[in-house]
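Novice: Build the 3D model from these lines:
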Amino acid sequence: MKKIIILILIGLLAQFAFLLLSFTTVKQSHAFSFMALGDMPYYMPEDNARFENVIQYLNKQDQAFNVFVGDFKSSKNKCTDEVYNKMFSFFSQFKKPLIYTPGDNEWTDCRNNDTTNAHVLERLDFLRAKFFSDDKSLGVSKMNLNIQSNDTNFKKFSENRQWDYQQVSFATIHVVGSNNNYKKNSLDSNSEFNERLRADLNWLKLLFKKANENNTKGIVVVIHADMFYEHKTTQGFKVLLDELKSLTVAFKKPVLLVHGDSHHFIVDKPLMHDGKIEKTVLNFTRVQVFGEGDMHAVKVIVNPNNPSLFEVQECLVPANQ
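Specialist: Alright, predicted model coming up:
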């Protein structure tokens with residue numbers, strides 16, 4: 001009789017263990033989504049109401065968080081404190097966490113007919129102080145983030161941020177349009193560009209290093225610049241793009257690059273292996289978000305049950321169509 005009871009208990013325990021394992025597997029394989037947007041509101045204040053439509057629509061969705069890929073104004077808008085403060089108030093209305101990386105229109109294009117970098121650098125300092133004052137995301141609900149400025153070698157770069165979510169690694173890297181602020185005839189020998197490039201390369205390498213150590217399922221890199229546009233394959237992007245390609249090939253798992261800058265919704269695989277025969281780097285996908293006149297978002301579903309991991313959908317705002 002005791003043997004029968006013991007056998008029954010063993011059977012029940014085995015079933016319980018199986019159910020627990022199944023539940024854990026399902027939980028670990030649970031898909032989630034995030035929203036990507038940028039290059040808006042392009043013309044202020046004309047586009048402010050349409051941007052509010054975007055915020056209200058995204059606040060009704062079920063994403064884990066939002067990423068904003070820069071250019072929260074046109075280069076034709078003045079780079080005044082008023083504009084920055086208005087955008088900060090907009091970002092504060094997002095219910096879910098919002099992680100922001102700067103665009104060129106927020107600082108590199110703020111020259112005011114000045115041939116030096118003085119006003120540009122002042123605007124960059126203001127941007128960092130206003131939007132990147134701590135290690136938390138923007139938005140109503142805050143997300144804790146790792147920030148590069150915790151490294152004493154890169155104390156300026158509070159805008160470079162990293163976080164993990166359900167075994168996927170994310171990072172923002174400060175890479176902007178307008179040739180990444182690289183000037184062929186710069187009066188200051190491109191000191192800002194060179195310093196930021198060193199920081200960006202460090203942050204990118206660290207992202208892949210930690211992802212490998214933690215055996216994450218994939219990587220998402222968030223920048224502003226369209227590094228693939230035919231007129232932009234110049235010195236401002238080459239070193240970083242080459243490093244991204246090398247790290248992606250070695251990583252072997254899915255890598256997603258999310259950016260803005262050129263204002264057209266694009267999903268493609270633009271990286272190619274070196275060699276005489278053209279061969280796509282298949283584990284790399286880039287997404288360019290809507291922008292300017294098309295004030296909509298892009299939804300990225302992270303689905304562990306999909307070998308490609310990332311599923312990209314347009315997220316059209318009804319009030320802006």
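Novice: ranges for the strands of the stretch 51-200 of the chain?
Specialist: Along the stretch 51-200 of the chain, the stretches classed as strands by DSSP state E, counting those that start in this stretch are 65-68, 98-100, 146-147, 161-165, 168-172.
Novice: Just send those strands back as a markdown table, with distance to residue 129, mean neighbour count and mean pLDDT too.
Specialist: (C-beta placed from N, C-alpha, C; glycine too.) Shown next, in a markdown table, are the strands of the stretch 51-200 of the chain (distance: least, CB to CB, whole Å; neighbours: other CB atoms under 10 Å; pLDDT from 0 to 100):
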| stretch | distance to residue 129 | mean neighbour count | mean pLDDT |
| --- | --- | --- | --- |
| strand 65-68 | 18 | 25 | 98 |
| strand 98-100 | 14 | 25 | 98 |
| strand 146-147 | 14 | 19 | 98 |
| strand 161-165 | 16 | 19 | 98 |
| strand 168-172 | 17 | 25 | 98 |
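Novice: out of those strands, nearest to residue 304?
Specialist: strand 168-172 (8.6 Å; CB to CB).
Novice: coming back round to it: need the strands of the stretch 51-200 of the chain in JSON lines (columns: distance to residue 127).
Specialist: What follows is the strands of the stretch 51-200 of the chain, written out as JSON lines (distance: least, CB to CB, whole Å):
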{"stretch": "strand 65-68", "distance to residue 127": "13"}
{"stretch": "strand 98-100", "distance to residue 127": "10"}
{"stretch": "strand 146-147", "distance to residue 127": "15"}
{"stretch": "strand 161-165", "distance to residue 127": "14"}
{"stretch": "strand 168-172", "distance to residue 127": "13"}
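Novice: Of those, give the one that comes closest to residue 39.
Specialist: So among the strands of the stretch 51-200 of the chain, strand 65-68 is nearest, using CB to CB, at 9.5 Å.
Novice: Which other helices and strands does that closest one contact?
Specialist: Judged by 3 or more CB pairs under 8 Å, 6 or more residues apart in numbering; DSSP states H and E, strand 65-68 is in contact with strand 32-37, strand 98-100.
Novice: Convert that strand to CSV, retaining C-alpha atoms only.
Specialist: Coordinates of the C-alpha atoms in strand 65-68 are reproduced here as CSV (Å, rounded to 0.1, in the frame of the first residue of the first chain):
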residue,chain,number,x,y,z
PHE,A,65,8.0,51.2,-24.0
ASN,A,66,8.6,53.8,-26.7
VAL,A,67,11.8,54.9,-28.5
PHE,A,68,12.1,58.3,-30.1
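Novice: Now for residue 140, how many residues are close by?
Specialist: 12 (other CB atoms under 10 Å).
Novice: which residues touch residue 291?
Specialist: 38, 39, 40, 42, 71, 260, 261, 262, 263, 264 (CB atoms under 8 Å, 6 or more residues apart in numbering).
Novice: Now for the first one, how many residues are close by?
Specialist: The one in question is residue 38. As a measure of burial, residue 38 has 26 neighbours, counting by other CB under 10 Å.
Novice: I'd assumed residue 314 was in a strand, is it?
Specialist: Yes: counting by DSSP: H, G, I helix; E, B strand; the rest coil, residue 314 is located in a strand.
Novice: Verify the contact between it and residue 266 for me.
Specialist: No: when contacts are counted by CB atoms under 8 Å, residue 314 is not listed as touching residue 266 (11.0 Å).
Novice: The two: which is more packed in?
Specialist: Neighbours were counted for residue 314 and for residue 266 using other CB under 10 Å; residue 266 has more, 16 against 13.
Novice: Surely that one and residue 286 touch.
Specialist: Yes: between residue 266 and residue 286 there is a contact at 7.3 Å, judged by CB under 8 Å.
Novice: ok, of the contacts of residue 291, which come out buried?
Specialist: Those of the contacts of residue 291 that meet the buried threshold are 38, 39, 40, 42, 71, 260, 261, 262, 263, by 16 or more other CB atoms under 10 Å.
Novice: Just give me the closest of these to residue 65.
Specialist: residue 38 (14.5 Å).
Novice: List the residues that contact that closest one.
Specialist: So residue 38 contacts 68, 69, 70, 71, 72, 103, 224, 260, 289, 291 (CB under 8 Å, 6+ apart).
Novice: residue contacts, the fourth one?
Specialist: Contacts here follow CB under 8 Å, 6+ apart; on that basis residue 71 touches 38-40, 42, 103-106, 177, 224, 260-261, 291.
Novice: returning to what we had before: dump the helices and strands packed on strand 65-68 into TSV; add distance to residue 86 as well.
Specialist: Below are the helices and strands packed on strand 65-68 laid out as TSV (distance: least, CB to CB, whole Å):
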stretch	distance to residue 86
strand 32-37	17
strand 98-100	14
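Novice: quick one, which of those strands is nearest to residue 275?
Specialist: Going by CB to CB, the one of those nearest residue 275 is strand 32-37, 31.9 Å.
Novice: which outside residues touch that closest one?
Specialist: Residues outside strand 32-37 that contact it (CB under 8 Å, 6+ apart): 54, 58, 61-69, 96, 165-166, 222, 258, 287, 289-290, 296-302, 315.
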